[in-house]
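Asks: here is my input; please provide its structure:
(2 chains)
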Amino acid sequence: MNSDLPHKEVVHTRFAPSPTGFLHSGNYRTAVFSFLFAKQHEGLFSLRIEDTDTQRSKKEYEDAIIDSLTWLGLTWDTHTRQSENRQRHRELLKKLIASNHAYISQETGAGDERKEVIRFRNPGGIVSFIDIIRGEVSVDVSDLGDFVIAKSIDEPIFHFAVVVDDADANITHIIRGEDHISNTPRQILIQRALGFSTPQYAHLPLILAPDHSKLSKRKGARPLTVYRDMGILPEALLNYLALLGWNRGDDREFFSREELIKAFSLERVQKSGAQFDETKLLSINRHWMRQLSVDEYISRGALNAPRESERLHRVVPLLKERVHTFEQAQELLNGEFSFLFEKIITIDRDILLKKEPLGNTETTRTHLVEIKKKIETFSETPTFEKVHDTLMPYADEKGRAQVLWPLRYALSGAIHSPDPFIIISIIGKKESLQRIDSALAVL
RNA sequence: GGCCCUAUCGUCUAAUGGCUAGGACAUCACCCUCUCACGGUGGUAAUCGGGGUUCGACUCCCCGUAGGGUCACCA
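Replies: The predicted model follows:
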């Protein structure tokens, strides 16, 4: 790949967001691709904050960008701000004017104010470039006219500043959103006027919102922290984002950060836009949550529950089996699974007797008493296997529904819950016996 | 509207002239089962339309159509 690259040249990509709002997943995906590409080629990945729009740039947004990149594990090699390069911008702007590639233009602004801007002298003609993802793209730049490159000698605008900063940083590959594709020709024009070489370009397809509209900063753009707050793992989001518009060419879907670095290639990036599908993200997140050890699961999910932490540890396997996010895990702990941590649970006589065959209480009472005797033989925290293997034969003999339903209900106080064996192994011998006793008391 | 880009199941995608068009998520059915969940098995579901090129097109070309991007003294 990119065999036309000079051997000594170090691959250098950059992520250049403007801190004028919260970035959305589409923006971060371009960062993901830039990062993966650079690291795969053992190159550099830089972060450059494009803060030349002083009116709208805010520290708060820059901090959010840094937080999110760090959280995703997209570590950068250098971190600069476009505003730091003011000196250089001015110098080259002057050079361009001196060489007659640009000129100061008198404009009549709103009202009678006369204002000056700096315009680029457009040579016209066809400008074409090779996009790694799309192939050759050519545009007739004549209809661009003499476009503005600076508001004043001290205020370069985007097109000019980008060209200068990328060249100064020796950026070799510009990987950015498709919305920049039509900006590229004019930036190439500026490069030529300045005597810079043209880097390689790769324009990524945009990510669409579920309604097919463009994911925009104004509509629905939320900081990436919403995913962290939902209890999405960064490795899951990274995995999902990488898969959105890229695949290795086979059926493989789960990739760790390191595996992505190895497997990624720009050539296999999709040309068309993709919708962001939160459901799929959730299923990938479940996969990565299941990979975690019990300790990691609790600490990374910041999970908490009343009672000793041993009990929470025993509940984790149940959590793994049914939730897609840590937020859901904590909800389960607080709600549906709270019976596992409570001292007293309420039993409804009718529900307890739901499977009673004789229409009275006798069968249910007998079963619970028999089960109690077996539980007596357990250690305080028996394993699931031990509980299952001891109680199941009895249930099979007497009828699973008649034995297991009242037992499970007595232990959980819930119509829906995990099976009684796992409950006993979680709450322990002593509490199991207590709960069965309270159930017997209502009969 | 001009210019540019794109077009395979609902969604993400595989198949770069040669297979019953594959997988995943979602969905449905069945199985497992004391309930819930997990799991297992199977199913429904796609090449935007029309012309070419070719022995043969998802694949190549053209024309439509649709979607997206961009046309700033924002980035």
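Asks: when you work out contacts or count neighbours from here on, use the C-alpha atoms and nothing else.
Replies: Noted.
Asks: need the pLDDT of residue A:2.
Replies: For residue A:2, the model assigns a pLDDT of 43.
Asks: so where do the helices sit in the stretch 201-350 of chain A?
Replies: With DSSP state H, counting those that start in this stretch as the criterion, the stretch 201-350 of chain A has helices at A:225-230, A:234-243, A:257-263, A:278-291, A:294-300, A:309-322, A:326-334, A:349-352.
Asks: who's in contact with the helix or strand that the last one is followed by?
Replies: Next helix or strand after helix A:349-352 toward the C-terminus (DSSP states H and E): helix A:362-376. When contacts are taken as Cα atoms under 8 Å, 6 or more residues apart in numbering, the neighbours of helix A:362-376 outside the stretch itself are A:353, A:356-357, A:387, A:390-391, A:402-403, A:406-407, A:429, A:433, A:436, A:440, A:443.
Asks: cool, stretch A:274-289 as well?
Replies: Under Cα under 8 Å, 6+ apart, the answer for stretch A:274-289 is A:205-210, A:212, A:232-233, A:235-237, A:239-240, A:244-245, A:254, A:297, A:320, A:323-325.
Asks: what mean pLDDT does it get?
Replies: 96.
Asks: repeat that for stretch A:153-161.
Replies: Taken as a whole, stretch A:153-161 has an average pLDDT of 93.
Asks: outside of it itself, list whatever touches it.
Replies: Contacts to stretch A:153-161, defined as Cα under 8 Å, 6+ apart, come from residues A:52, A:82, A:86, A:89-90, A:93-94, A:118, A:148-151, A:183, A:186-187, A:190.
Asks: same thing but 6 Å
Replies: Under the contact criterion Cα atoms under 6 Å, 6 or more residues apart in numbering, stretch A:153-161 has outside partners A:90, A:149, A:150, A:187.
Asks: among those residues, which lie within strands?
Replies: A:149, A:150 (DSSP state E).
Asks: okay, domains of chain A per the record?
Replies: Chain A breaks down into these domains under automatic domain parsing: A:294-340, A:349-441.
Asks: output those as a markdown table; include the columns mean neighbour count and mean pLDDT.
Replies: A markdown table is the format used below for the domains of chain A (neighbours: other Cα atoms under 10 Å; pLDDT from 0 to 100):
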| stretch | mean neighbour count | mean pLDDT |
| --- | --- | --- |
| domain A:294-340 | 17 | 96 |
| domain A:349-441 | 18 | 95 |
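Asks: tabulate these in CSV, adding columns for distance to RNA strand B.
Replies: Formatted as CSV, the domains of chain A follow (distance: least, Cα to the nearest atom of the strand, whole Å):
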stretch, distance to RNA strand B
domain A:294-340, 3
domain A:349-441, 3
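Asks: distance to residue A:163 for these - can I get that in CSV?
Replies: Output for the domains of chain A, formatted as CSV (distance: least, Cα to Cα, whole Å):
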stretch, distance to residue A:163
domain A:294-340, 42
domain A:349-441, 61
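Asks: looking at those domains, which is nearest to residue A:171?
Replies: Ranking those by proximity to residue A:171 (Cα to Cα) places domain A:294-340 first, at 36.2 Å.
Asks: quick one: end-to-end length of the closest one, please.
Replies: For domain A:294-340, the first-to-last residue distance is 17 Å (Cα to Cα, to the nearest Å).
Asks: then stretch A:136-155?
Replies: End-to-end distance for stretch A:136-155: 33 Å, by Cα to Cα.
Asks: and residue A:103, how many neighbours?
Replies: Residue A:103: 21 surrounding residues under other Cα atoms under 10 Å.
Asks: did I read that right, it in a helix?
Replies: No. Applying DSSP: H, G, I helix; E, B strand; the rest coil, one finds residue A:103 to be strand, outside a helix.
Asks: residues in contact with it?
Replies: A:97, A:118, A:119.
Asks: among those, which are in strands?
Replies: Going by DSSP E, the strands hold A:118, A:119 from the contacts of residue A:103.
Asks: can you tell me the SS state at the residue of the stretch 51-200 of chain A found nearest RNA strand B?
Replies: Going by Cα to the nearest atom of the strand, RNA strand B is nearest to residue A:179 of the stretch 51-200 of chain A, at 3.1 Å. Following three-state DSSP, residue A:179 is assigned to helix.
Asks: what distance do you get for the closest residue to residue A:80 other than its chain neighbours to residue A:401?
Replies: Nearest non-adjacent residue to residue A:80, counting by Cα to Cα, 6 or more residues apart in numbering: residue A:48, 4.8 Å away. Residue A:48 sits 65 Å away from residue A:401, going by Cα to Cα.
Asks: what's the neighbour count on whichever residue of the stretch 201-350 of chain A sits closest to RNA strand B?
Replies: Among the residues of the stretch 201-350 of chain A, residue A:245 lies closest to RNA strand B, at 2.9 Å counting by Cα to the nearest atom of the strand. Using other Cα under 10 Å, residue A:245 is surrounded by 20 other residues.
Asks: surely it and residue A:268 touch.
Replies: No. Here residue A:245 lies out of contact with residue A:268, judged by Cα atoms under 6 Å, at a distance of 8.5 Å.
Asks: quick one: the residue nearest to residue A:301 when sequence neighbours are not counted from residue A:439, how far?
Replies: Leaving out its chain neighbours, the residue that sits closest to residue A:301 by Cα to Cα, 6+ apart is residue A:326, at 5.3 Å. According to Cα to Cα, residue A:326 stands 33 Å off from residue A:439.
Asks: residue A:408 too?
Replies: Distance from residue A:408 to residue A:439, by Cα to Cα: 11 Å.
Asks: and residue A:136, by the same measure?
Replies: Distance of residue A:136 to residue A:439, computed by Cα to Cα: 76 Å.
Asks: before we move on, what about residue A:242?
Replies: Distance from residue A:242 to residue A:439, by Cα to Cα: 53 Å.
Asks: quick one on the thing from earlier: quick check: closest non-adjacent residue to the residue of the stretch 51-200 of chain A closest to RNA strand B.
Replies: Leaving aside its sequence neighbours, residue A:179 sits nearest to residue A:206 (Cα to Cα, 6+ apart; 7.6 Å).
Asks: surely the one you found meets residue A:273?
Replies: Yes. With contacts counted by Cα under 6 Å, residue A:206 reaches residue A:273, the gap being 4.9 Å.
Asks: these two: which is more packed in?
Replies: The residue with more neighbours, out of residue A:206 and residue A:273, is residue A:206; 22 against 16, by other Cα under 10 Å.
Asks: tell me the contacts of residue A:202?
Replies: The neighbours of residue A:202, taking Cα under 6 Å, 6+ apart as the test, are A:131, A:132, A:133, A:175.
Asks: now do the closest residue to the second one other than its chain neighbours, the pLDDT please.
Replies: Same thing as residue A:132. Leaving aside its sequence neighbours, residue A:132 sits nearest to residue A:202 (Cα to Cα, 6+ apart; 5.0 Å). Note on residue A:202: pLDDT of 96.
Asks: with residue A:69 instead?
Replies: 97.
Asks: looks to me like it is in a helix.
Replies: Yes. Under three-state DSSP, residue A:69 sits within a helix.
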